[in-house]
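Peer 1: please find the sequence and the predicted model below.
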Amino acid sequence: MSTQKPIKKAVFPVAGLGTRFLPATKAVPKEMLTVLDRPVIQYAVDEARNAGIEHFVFVTGRNKGVIEDHFDIQYELQKTLEERGKNELIEILDASQLDAGQASFTRQQSPLGLGHAVWCARDIIGDDPFALFLPDMVMQDSVGCMSRMVDLYSKTGGNIIATEEVAWEETHKYGVIEKGAEVDGGFEVTGMVEKPAPGTAPSNLFINGRYILQPEIFKILENQETGAGGEVQLTDAMISLAKQQDFFGFTFTGRTFDCGSIEGFIMANVAYSLWREDMADNLRPEIERLLREIKPGC
Ligand code: G1P
């Protein structure tokens with residue numbers, strides 16, 4: 001086992017407008033919409049914490065202040081619950097909180113793309129390798145996608161991206177990788193392309209929104225030209241980084257829900273409710289009944 005600098009910091013780009021959820025996201029950030037009783041952003045933060053992350057860097061935008069409040073102490077609520085002896089609720093609140101000094105917030109002032117959002121975190125991350133979470137992607141897994149990646153990283157070092165299989169006709173919506181030789185439970189990444197034109201993807205393994213990156217990515221992002229969609233693409237910067245450093249892939253085999261889309265968000269709610277022992281028994285027959293009874297429009 002080689003010795004790697006540990007992954008203690010994570011970046012969460014949360015500046016996106018969430019236009020697919022309007023009007024819900026007019027005043028509420030899309031990251032604060034809830035899958036059951038936790039906001040979407042909390043799933044990524046919990047996954048990060050379980051993977052050993054100690055500093056959480058949020059790249060926010062205008063109207064996202066409530067995300068900062070969510071991870072703060074809600075002093076009055078806490079006090080009222082204490083007075084009422086509601087210990088279970090206090091535990092739930094405690095679990096959603098980040099400790100003093102553990103969170104940093106910086107703004108992406110203009111929507112210039114994911115690569116630019118990550119670059120906005122450069123001063124806070126400094127010279128350390130870091131984890132990157134695209135919080136729209138909610139991942140259901142007993143171990144945690146990032147925990148699995150940190151485990152692989154402890155053997156391989158370098159950069160790691162999580163991937164998953166997707167239908168070939170969907171590949172143009174994502175970053176897609178080309179798979180090389182197997183290594184320690186992962187594989188070498190021999191190529192990457194952001195949003196390949198239909199029929200040109202090098203594989204059907206898409207980049208699913210979890211990364212471990214070395215800090216040299218920031219120097220590349222600084223001069224990165226715009227790519228697909230006229231945005232500064234992280235994938236393009238990773239292609240350059242892969243010419244200088246090791247790049248590994250990891251196949252995630254849990255369930256991923258794209259909560260940036262209404263369908264993915266609904267599926268996440270259904271899947272998590274069926275996963276919860278206190279809900280599943282009641283919900284399963286209800287969901288089955290709805291499936292039998294409801295047809296579009298009636
Ligand atoms: C981004 C990344 C892409 C990745 C996707 C996962 O694209 O650029 O490589 O596959 O997230 O959701 P976006 O969804 O922002 O277009």
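Peer 2: Nice, thanks for sending it over.
Peer 1: which residues touch residue 244?
Peer 2: Going by C-beta atoms under 8 Å, 6 or more residues apart in numbering, residue 244 touches residue 216. For the C-beta atoms, the positions are set from N, CA and C on the backbone; glycine is no exception.
Peer 1: and it, what pLDDT?
Peer 2: Per-residue pLDDT puts residue 244 at 95.
Peer 1: could you do residue 4 as well?
Peer 2: 84.
Peer 1: burial count for it?
Peer 2: Residue 4 has 15 neighbours, counted by other C-beta atoms under 10 Å.
Peer 1: what's near enough to touch it?
Peer 2: By C-beta under 8 Å, 6+ apart, residue 4 lies in contact with 129, 153, 154, 157.
Peer 1: would you mark the buried spots in the strand or helix carrying the third one?
Peer 2: What it means is residue 154. Here residue 154 sits within helix 145-156, counting by DSSP states H and E. Using 16 or more other C-beta atoms under 10 Å as the test for burial, helix 145-156 gives 145, 146, 148, 149, 150, 152, 153, 156.
Peer 1: ok, the residue lying closest to the fifth one once chain neighbours are set aside - how many residues close by?
Peer 2: With sequence-adjacent residues excluded and distances taken as C-beta to C-beta, 6 or more residues apart in numbering, residue 150 is closest to residue 51, at 4.9 Å. For residue 51, the count of nearby residues is 23 (other C-beta under 10 Å).
Peer 1: closest residue of the stretch 151-298 of the chain to the ligand?
Peer 2: residue 175 (2.3 Å; C-beta to the nearest ligand atom).
Peer 1: can you tell me how far the residue nearest to residue 150 sits from the ligand?
Peer 2: 19 Å (C-beta to the nearest ligand atom, to the nearest Å).
Peer 1: I'd say that residue and residue 146 touch.
Peer 2: Yes - in this structure, residue 51 is within contact of residue 146 by C-beta atoms under 8 Å, at 3.8 Å.
Peer 1: what sits in contact with each of the two?
Peer 2: residue 131.
Peer 1: on that earlier part again, which element, helix or strand, includes the residue nearest to the residue of the stretch 151-298 of the chain closest to the ligand when sequence neighbours are not counted?
Peer 2: Closest residue to residue 175 apart from its sequence neighbours, by C-beta to C-beta, 6+ apart: residue 207 at 3.7 Å. Here residue 207, judged by DSSP H and E, is contained in strand 205-213.
Peer 1: ok, then the element right after that strand?
Peer 2: Past strand 205-213, the next helix or strand by DSSP H and E is helix 217-222.
Peer 1: give me the distance between the longest helix anywhere in the chain and the centre of its chain.
Peer 2: Looking across the chain with DSSP state H, the single longest helix is helix 277-293. Here helix 277-293 is found 28 Å from its chain centre; the criterion is C-alpha atoms, centre = their mean, to the nearest Å.
Peer 1: ok, stretch 120-140 next?
Peer 2: Centre-to-centre, stretch 120-140 and its host chain are 8 Å apart (C-alpha atoms, centre = their mean).
Peer 1: do stretch 8-23 as well
Peer 2: 9 Å.
Peer 1: buried residues, that stretch. List them.
Peer 2: Neighbour-count burial for stretch 8-23 [16+ other C-beta under 10 Å]: 9, 10, 11, 12, 13, 14, 15, 16, 18, 21.
Peer 1: so that stretch, near the ligand or not?
Peer 2: No - figure legend: stretch 8-23 not in contact with the ligand (C-beta under 6 Å from any ligand atom); closest approach 7.7 Å.
Peer 1: what number of residues lie near residue 7?
Peer 2: There are 23 residues near residue 7, going by other C-beta under 10 Å.
Peer 1: quick one: the strands in the stretch 101-250 of the chain?
Peer 2: 103-107, 130-133, 137-140, 159-165, 175-183, 186-194, 205-213, 247-251 (DSSP state E, counting those that start in this stretch).
Peer 1: ok, which of those strands comes nearest residue 43?
Peer 2: For these, proximity to residue 43 was assessed by C-beta to C-beta; strand 137-140 is nearest, at 4.7 Å.
Peer 1: follow-up on the earlier one: count of neighbours near the residue of the stretch 151-298 of the chain closest to the ligand?
Peer 2: Other residues close to residue 175 by other C-beta under 10 Å number 25.
Peer 1: would you check how far apart it and residue 279 are?
Peer 2: From residue 175 over to residue 279 the distance is 34 Å, taken as C-beta to C-beta, to the nearest Å.
Peer 1: now residue 292
Peer 2: From residue 292 to residue 279 the distance is 20 Å (C-beta to C-beta).
Peer 1: residue 184 now?
Peer 2: Distance from residue 184 to residue 279, counting by C-beta to C-beta: 38 Å.
Peer 1: do residue 75 as well
Peer 2: Taken as C-beta to C-beta, the span from residue 75 to residue 279 is 30 Å.
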